[in-house]
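Trainee: sharing a model prediction with you, sequence too.
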Amino acid sequence: MKQFVVKIVATGLYFGYSPLIPGTTGSIPAWLIAFFLIGGNQVALTIAVVVTFFLSVWSAGEAEKLFGHDAKKIVMDEWIGMFLTLLFVPYSLENYVIAFIAFRVFDVIKIPPAAQAERLPSGWGVTMDDVIAGVQANVATRLILMAIMYWRG
């Protein structure tokens, strides 16, 4: 039973099994949850951040025993990064699409200290690089949105 729960959680409801760009595919459910279910409610999004953080550290640590170190199938860390990216971003389709793209870019390029965070042990390393990428993407998203507001007048 524990393996079943670990697989469902760590793979982000099995989205991590996608053969094509599992990190991006694994981010999609979190984005959909934030956009359609949470709908800009910052209290609910903050709760999602906290709960997902602990689920990610635990499930990634357990899933590494099944799939190997930071296996591509483990995508719950993408969820925490996506939720952090969206935190306090004004709710709109345009803003959330910009945030999604920003997170994927920062998650792929791993600007320090995100790359160094991957060296942390077990589920911490799997999760913390995405936490840092999520914070970086959040800041970038806010700067992009400020620039858009400025250019639009």
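Mentor: Here it is on my side, so go on.
Trainee: now stretch 15-31: average pLDDT?
Mentor: Stretch 15-31 carries an average pLDDT of 95.
Trainee: run through the strands of the chain in chain order.
Mentor: Ranges of strands within the chain: none, based on DSSP state E.
Trainee: I'd say residue 22 and residue 73 touch.
Mentor: Yes: between residue 22 and residue 73 a contact is recorded at 6.5 Å, counting by C-beta atoms under 8 Å. (Each C-beta comes from the backbone N, C-alpha and C, glycine too.)
Trainee: okay, and the common contacts of those two?
Mentor: residue 16 (C-beta atoms under 8 Å, 6 or more residues apart in numbering).
Trainee: buried sites along the helix or strand of the chain with the lowest mean pLDDT?
Mentor: Sorted by mean pLDDT, DSSP states H and E, the helices and strands of the chain end with helix 114-117, the least confident at a mean of 94. By 16 or more other C-beta atoms under 10 Å, the buried positions in helix 114-117 come out as 114, 117.
Trainee: let's have the chain start at 46 instead
Mentor: Yes, from this point I'll number from 46; that puts the last item at helix 159-162.
Trainee: what helices or strands is that helix leaning on?
Mentor: If you count contacts as 3 or more C-beta pairs under 8 Å, 6 or more residues apart in numbering; DSSP states H and E, helix 159-162 packs onto helix 167-197.
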